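Enquirer: Sequence and predicted structure, then a few things I'm wondering about:
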Amino acid sequence: VADRHAAAGRTIRYQSPAASTIRAAEVAEMLAQSAANPLGIPEPSPDQLEQLFSAYAPVWVVDTRSDDDRIGTVGLNADGEARVDPQKPGVYRLASHTRFGNRILLQLNYLIWFPARPSTGLLDIYAGRFDGLIWRVTLRMDGQPLAYDSIHACGCYYQIFPGVGLKVAQPRDGSEPILTPAPILAQQPGERVVVKVAAGNHFIDGIATGPAADSEPYGWLDYDTLRSLPMADGGHRNLFDEDGLLPGSERPERFLLWPMGVPSAGAMRQWGTHAVAFLGKRHFDEPRLLEKLLRPLWE
């Protein structure tokens, strides 16, 4: 059993093992070439995706009070039960797409896992095993970020950080307001987006840009490996069940929020099953989600 007090009171920085840089013009050329297909979908090669994921990877700065606040790697123990190993920091990557105007844009998704969201008391309905955070970068065809947005792996706490020249247009249909703390300014060469994560609840509590600094390196993992984790008997098993939920990650809040139409609210979910609002219908993988939410500053 890991010592849950070994890391008390620390702030740990995590950075990708190879933090490459790439100019916007190079990204634009890469996207244009990869979108030269009948559907106009940017589909970079594996090597190009490797470059892009590395170039836009955030630095994670995590307030760490226990091992539950350490970024880890997901695996199955000898009994076939899922666990997060906090001694092996890893970031899971997934490429996706969105529609914006008449273009299809590439999105880079970065997922980190924590062993748990620890309880703050007897009536903490949000605590439980496993916790995760997804950071997404949507790239315009000119190579600049259109926006950054984020959810927890349960789909809760959606927030968006517009790129340069954009603002969030709050919905007027009575649906849930959008949390939009601040835009993210253009980065200078060599700078990284720094995502600051609070201890315990793992909320994003700050965003900054700055040069790379001494950090603990993490390993890259493909998101699809979560659908086929190796078992002790030589077989493989999906981390998620047939409903796209992570068994063992259930939260007491589900008993209060079940009338909202989200099954097992608070449980960790598989990609494609993330509802990001309780009022109205809004999903993280909606094809036109960002198109609905973003407007130029001058409008």
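Expert: Arrived safely. Numbering: from 1, shown residues only.
Enquirer: beta partners for residue 220?
Expert: With DSSP bridges as the criterion, residue 220 is bridged to residue 91.
Enquirer: can you check residue 133 too?
Expert: On the basis of DSSP bridges, residue 133 is bridged to residue 112, residue 152.
Enquirer: quick one: furthest residue from the center of this protein?
Expert: Farthest-out residue of the chain from its mean C-alpha position, per Cα atoms, centre = their mean: residue 233, at 31.3 Å.
Enquirer: Please tell me how far it sits from residue 80.
Expert: In this structure, residue 233 and residue 80 are 8 Å apart, going by Cβ to Cβ, to the nearest Å. C-beta coordinates here come from the backbone N, C-alpha and C atoms, glycine included.
Enquirer: just residue 218 next, same as before
Expert: Relative to residue 80, and taking Cβ to Cβ, residue 218 is found at 26 Å.
Enquirer: who's more crowded, those two?
Expert: The neighbour count for residue 218 versus residue 80, taken as other Cβ atoms under 10 Å, is higher for residue 218 (20 against 12).
Enquirer: what's the average pLDDT for stretch 64-75?
Expert: Mean pLDDT, computed over stretch 64-75, is 97.
Enquirer: For that stretch, what is the distance to the chain centroid?
Expert: Distance of stretch 64-75 from the chain centroid (Cα atoms, centre = their mean, to the nearest Å) equals 16 Å.
Enquirer: Start at 36, not 1
Expert: Fine by me, first position is 36 from now on; the one you just mentioned is stretch 99-110.
Enquirer: For that stretch, buried residues please.
Expert: By neighbour count with 16 or more other Cβ atoms under 10 Å, stretch 99-110 contains the buried residues 99, 100, 101, 102, 103, 104, 105, 106, 107, 108, 109, 110.
Enquirer: Out of these, name the ones that lie in strands.
Expert: 99, 108, 109, 110 (DSSP state E).
Enquirer: my guess is the last one meets residue 118, correct?
Expert: I take that to be residue 110. Yes - in this structure, residue 110 is within contact of residue 118 by Cβ atoms under 8 Å, at 6.4 Å.
Enquirer: Where does pLDDT dip in the stretch 36-185 of the chain?
Expert: 36-43, 54 (pLDDT under 70).
Enquirer: what do you get if the cut-off is 80, keeping everything else the same?
Expert: 36-44, 53-55 (pLDDT under 80).
Enquirer: which non-adjacent residue is nearest residue 235?
Expert: In this structure, residue 235 finds its nearest non-sequential neighbour in residue 153, 5.7 Å apart by Cβ to Cβ, 6 or more residues apart in numbering.
Enquirer: And for residue 263?
Expert: In space, and not counting its chain neighbours, residue 263 is closest to residue 271: 4.4 Å by Cβ to Cβ, 6+ apart.
Enquirer: Assumed residue 83 was part of a helix.
Expert: Yes - under DSSP: H, G, I helix; E, B strand; the rest coil, residue 83 falls within a helix.
Enquirer: Look up how far residue 197 lies from it.
Expert: Distance, residue 83 to residue 197, using Cβ to Cβ: 26 Å.
Enquirer: Next, the buried residues of the helix or strand encompassing residue 61.
Expert: Assigned by DSSP states H and E, residue 61 falls within helix 59-69. For helix 59-69, burial by neighbour count (16+ other Cβ under 10 Å) applies to 62, 63, 65, 66, 69.
Enquirer: From residue 60, how far out is residue 166?
Expert: Relative to residue 60, residue 166 is positioned 38 Å away (Cβ to Cβ).
Enquirer: Please enumerate the helices of this protein.
Expert: Taking DSSP state H to define them, one finds helices in the chain at 59-69, 81-91, 289-292, 324-328.
Enquirer: right, and the ones you listed - which one's nearest residue 226?
Expert: The minimum distance between residue 226 and the helices of the chain falls on helix 81-91, with 11.4 Å, by Cβ to Cβ.
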